[in-house]
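A.B. asks: After the sequence you'll find the predicted model.
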Amino acid sequence: MSAALDVRSPRPAVLDHVPLRVDRDEVLRFQGYKKGADVPDAAVRALFDEALALGESLIEPRVVYRAEPVTGQGPDLLEAGGERLNIPDIGRLWGRLEEIGAGLCTVGEALERRVRELWDERELPLAVMLDSVGSAAVESLAEYANDVLCQAALPVGVHVTNRISPGYAGWDTAEQAALFRLCPGEPIGITLNEACVMTPGKSISFLVGVGPAARVDHYFTQCRRCWMRDCAYRRAPAATTVRR
Ligand code: SF4
């Protein structure tokens, strides 16, 4: 995926070889640290450094994305591609849309395999920290994808909303299946079972709204992580980035 990506294209686009940066604060958050309140000691920092280096050697970040024209919209409903997505308050939150974009992200299976091996070897602190690195990496990847979509949309006069995922903000996890019908995981090796669990486990599915009138007035978090220079639409200064 690049700035040339067509955010409205129904053809699946795959992004790989992503120069992803794993956010240290995000890893520590998965470890239970509260930003600004908890300060990790030297032993934790050393463990983090070891897990991060190991994680970065194992992750293979990949994203697949495709868009579908919206055929119906209601206060809590989006219709597209023959699917009905029941998402509380989505009409107010996203405004009028022309398309929805469905995306899937994964950092692959190798990191999870290594976590299991570390458990078997009783290397528990490193196993747990490496698992957190994987969780943070796929979160960063989803942020990265959202930023790339926004960057690609602005030059062609459309907006891409913040992403949402099944299982969050009142959106029923069972609709994960509909999201996979909109954007199959096969091009990047993600599968979904009947319980709506994705494999590899370090994967995230997401939905965005697309259109000239799509609401992006809550884009602060997104802009804070975005590396786009001189963006006329930036709503908050970049504090960090999810790109190397
Ligand atoms: S700075 Fe904000 S508005 Fe500009 S491309 Fe990045 S995420 Fe989009």
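C.D. replies: Cool, got the structure.

A.B. asks: for Tyr178, what are its contacts?
C.D. replies: Actually, residue 178 is Ala rather than Tyr. 83-85 (Cβ atoms under 8 Å, 6 or more residues apart in numbering). In this view, the C-beta of every residue, glycine as well, is placed from N, C-alpha and C.

A.B. asks: Swap in 6 Å and give it another go.
C.D. replies: Glu83 (Cβ atoms under 6 Å, 6 or more residues apart in numbering).

A.B. asks: element containing it, please.
C.D. replies: helix 176-182 (DSSP states H and E).

A.B. asks: Can you pull the phi/psi pair for Ile190?
C.D. replies: phi -100, psi 130 (degrees, to the nearest 10).

A.B. asks: Give me the average confidence score over the helix holding Ala178.
C.D. replies: For helix 176-182, the mean pLDDT works out to 98.

A.B. asks: Touching, Met129 and Leu47? I think so.
C.D. replies: Yes - assessed by Cβ atoms under 6 Å, Met129 is found in contact with Leu47 at 5.1 Å.

A.B. asks: For this structure, give me the ranges with low pLDDT.
C.D. replies: 1-4 (pLDDT under 70).

A.B. asks: Please compare Met129 and Leu47 by neighbour count and tell me which comes out ahead.
C.D. replies: Higher neighbour count among Met129 and Leu47: Met129, with 26 against 18, using other Cβ atoms under 10 Å.

A.B. asks: follow-up on the earlier one: now the helix holding Ala178: buried residues?
C.D. replies: 176, 178-180, 182 (16 or more other Cβ atoms under 10 Å).

A.B. asks: from those residues, which is closest to Ala13?
C.D. replies: Leu182 (13.7 Å; Cβ to Cβ).

A.B. asks: contacting residues around that closest one?
C.D. replies: Contacts of Leu182 (Cβ under 6 Å, 6+ apart): 68, 81, 83, 102.

A.B. asks: ok, now how distant is it from the ligand?
C.D. replies: For Leu182, the distance to the ligand (Cβ to the nearest ligand atom, to the nearest Å) stands at 23 Å.

A.B. asks: Show me the helices in this structure, by range?
C.D. replies: Secondary structure of the chain (DSSP state H): helices at 24-30, 42-58, 90-94, 110-120, 124-153, 176-182, 220-225.

A.B. asks: which one of these has the most crowded surroundings?
C.D. replies: helix 124-153 (a mean of 23; mean count of other Cβ atoms under 10 Å).
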